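1. what's the 3D shape of this:
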Amino acid sequence: MKDQDPEDTKKQEEGADNADDGIPELVVDDRGFNISVYTYDQAKEELVLLMDQWPYGAAGNPGYEYIDCRNVIRIVSAQQAGTMTYYAYYMMENGEVFPYFGDISVYTLHHEDKNGNGVFDAGETYSADPVAYFVNGQEVSKDEFTSYQVAGDYKPLMGEKTLAELKAELD
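-> Prediction:
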């Protein structure tokens, strides 16, 4: 954010954190570059940085999603020109963000991997729908794969107001 014009950086209050406190999070969205999320810790009476300039585009990540008031952030990354899709889930709790399922890697392949190398090769056919499901590099059933998904109504995690618009609402 320090290198960007603050008026161009979008900001928004979101319900990304738990609804119990009634205080939405502040999203600082430097579109196309990175995103930061702040929450208010009522006990400490201070603003806490949850996500510090998490990048867009890294590892095929087009953006971040969240479930309103459930403390869940999801990243869906398309790799190898869309023939492999990774899913990562994060929890927000006690002023921190951590992996929902620990160090577990969850992904799908969108091609029949005839030679088992995990790469889309000549002679293999692409499918818009997943053809194989993996947890920690081991092929699993769709049901087992689904058990590593956090279901919910996801929304894009992004800012919608400029800094000037947000300041005007607070005045």
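
2. What residues does the nearest residue to residue 129 once chain neighbours are set aside make contact with?
-> In space, and not counting its chain neighbours, residue 129 is closest to residue 110: 7.3 Å by Cβ to Cβ, 6 or more residues apart in numbering. Quick note: C-beta positions are derived from backbone N, CA and C, even for glycine. Contacts here follow Cβ atoms under 8 Å, 6 or more residues apart in numbering; on that basis residue 110 touches 82-85, 126-131.

3. switch to 6 Å and redo it
-> 83, 127, 130 (Cβ atoms under 6 Å, 6 or more residues apart in numbering).

4. how many neighbours does the last one have?
-> Meaning residue 130. 16 (other Cβ atoms under 10 Å).

5. That one should be in a helix, yeah?
-> No: the assignment for residue 130, made by DSSP: H, G, I helix; E, B strand; the rest coil, is coil rather than a helix.

6. what residue ranges in this protein score low on pLDDT?
-> 1-21 (pLDDT under 70).

7. Show me the longest helix that occurs in it.
-> helix 163-170 (DSSP state H).

8. Quick one: distance of it to the chain centre.
-> How far helix 163-170 lies from its chain's middle: 26 Å, per Cα atoms, centre = their mean, to the nearest Å.

9. now the residue lying farthest from the centre of the chain, nearest residue through space, not along the chain?
-> Using Cα atoms, centre = their mean, the residue of the chain lying farthest from its centre is residue 123. It sits 33.0 Å away. In space, and not counting its chain neighbours, residue 123 is closest to residue 114: 6.8 Å by Cβ to Cβ, 6+ apart.

10. re the thing from before, want to throw the contacts of residue 110 into JSON lines with distance to residue 46?
-> As requested, these are exported to JSON lines (distance: Cβ to Cβ, whole Å):
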{"residue": "83", "distance to residue 46": "45"}
{"residue": "127", "distance to residue 46": "49"}
{"residue": "130", "distance to residue 46": "43"}
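
11. All set now, cheers.
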